[in-house]
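A.B. asks: let's see this in three dimensions:
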Amino acid sequence: QKVMRRRLGFLAVLALVSVSLVIGSRIFAARITQPQKTVSTQSADLDETVKERLRQIIEHLSGTIGERNLVRHKRLNDAADYVQKHFEASGYEVKRQTFQVEGLDCHNLIVEIQGTTQPDEIILVGAHYDSVQGSPGANDNGSGIAALLVIAEELKELRPKKTLRFVAFTNEEPPYFQTEDRMGSWVYAKSCKKNGDKIEGVISLETMGYFTDEPKSQKYPPLLAAMYPETGNFIGFVSNIESREFLNQVAKSFRSTSDVPSENASLPSDIPGVGWSDHWSFWQVGYVGIMVTDTAPFRYPHYHEPTDTTDKIEFERFSKVVEGLVPVVKELVGE
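C.D. replies: Okay, here's the model as predicted:
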């Protein structure tokens, strides 16, 4: 609850900081002005296939397994095993980073495609597979982990110039959120820094599956409402200031290939809410990273609730977001 209060306190703080940024002519909430693509380049058959794969993954995680965290440790391990088998079915060799929290084994799952000409340069795409206590976690974060697995499957034959790494993290949710040596992504980020890994950018896939065309369905602090849409029908890209260049690169690439509306914001990292997922962990050790999100509690009424179930996911637009991210990742690593 303490973490939730900090997260929801983001509204008031963000409003005040946004005013100071604008007045000082230091507008960090940079929006890509490139026109959104109006015609999708993906075929209807591919769209249906992606939708079905996403649905199956989310239904298994949130329905068959259900709530998955250290309180439900067996289910958390079941989710890790399921993610590993899915990676392996796509032809990847999975490495487990195992660490202990409260005497229980926890696992980050890592796969990668080695770069052909610039193997030391790494692009990392990640998502967490645990859910908060009391919730089956269909959207948070079944949608993010489903997107991760489908993108990895789509790119399994890729021969990139740079190394492409996919990581499924554990323990993102409270009470382990932003806790050193307990939050899976922080444990992993520190190990990357220790190993000298040259990670050029991190994309964290977080709570991505809820879209609505209802007027005034998207919530903001009052001073931001004039800058952004009032309807929750877009996907968001969020980063700290240090990751602004990487954010703009990703957002621009997405907008050139996808017809799903998107918004992006690069804000100071000390604003509660900007680091609401695993990208935050990589900031702590000096890497740049962004979050891809439907904005979670600012739009999604079932956030961290028992009602966060598969039927709340809007698979039509969610699948198009996932399809749109595939060429983005390909562009980042080069072919």
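A.B. asks: any idea of the pLDDT on residue 9?
C.D. replies: pLDDT, residue 9: 48.
A.B. asks: how far does stretch 215-226 stretch from one end to the other?
C.D. replies: Distance across stretch 215-226, first residue to last, is 14 Å (Cα to Cα, to the nearest Å).
A.B. asks: stretch 277-287 too?
C.D. replies: 14 Å.
A.B. asks: buried stuff in it?
C.D. replies: By 16 or more other Cβ atoms under 10 Å, the buried positions in stretch 277-287 come out as 277-284, 287. Using the backbone N, CA and C atoms, a C-beta is placed for each residue, glycine as well.
A.B. asks: over to stretch 293-311?
C.D. replies: 293-300, 302-304, 308-310.
A.B. asks: tell me how far the ends of that stretch are from each other?
C.D. replies: End-to-end distance (Cα to Cα), stretch 293-311: 18 Å.
A.B. asks: contacts for that stretch?
C.D. replies: 4, 7-8, 55, 58-59, 62-63, 131-132, 134-140, 142, 206-212, 217-220, 232, 235-236, 238, 276-277, 312 (Cβ atoms under 8 Å, 6 or more residues apart in numbering).
A.B. asks: one more pass at 7 Å, please.
C.D. replies: 8, 58-59, 62-63, 132, 134-140, 206-211, 217-220, 232, 235-236, 238, 276, 312 (Cβ atoms under 7 Å, 6 or more residues apart in numbering).
A.B. asks: among these, name the ones in strands.
C.D. replies: 206, 235-236, 238 (DSSP state E).
A.B. asks: picking up where we left off before, save the buried residues of stretch 277-287 as TSV, and put in pLDDT too.
C.D. replies: Converted to TSV, those look like this (pLDDT from 0 to 100):
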residue	pLDDT
277	97
278	98
279	98
280	98
281	98
282	98
283	98
284	97
287	98
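A.B. asks: kindly reformat the residues you listed as CSV containing distance to residue 91 and secondary structure.
C.D. replies: Shown next, in CSV, are the buried residues of stretch 277-287 (distance: Cβ to Cβ, whole Å; DSSP: H, G, I helix; E, B strand; the rest coil):
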residue, distance to residue 91, secondary structure
277, 27, coil
278, 24, coil
279, 27, helix
280, 31, helix
281, 28, helix
282, 27, helix
283, 32, helix
284, 33, coil
287, 27, coil
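A.B. asks: for residue 122, state which of those residues is nearest.
C.D. replies: Among those, residue 287 lies closest to residue 122 (Cβ to Cβ), at 9.5 Å.
A.B. asks: so which helix or strand takes in the residue lying closest to the closest one once chain neighbours are set aside?
C.D. replies: Leaving aside its chain neighbours, residue 287 sits nearest to residue 199 (4.9 Å; criterion: Cβ to Cβ, 6 or more residues apart in numbering). Take DSSP states H and E as the rule and residue 199 turns out to sit in strand 198-206.
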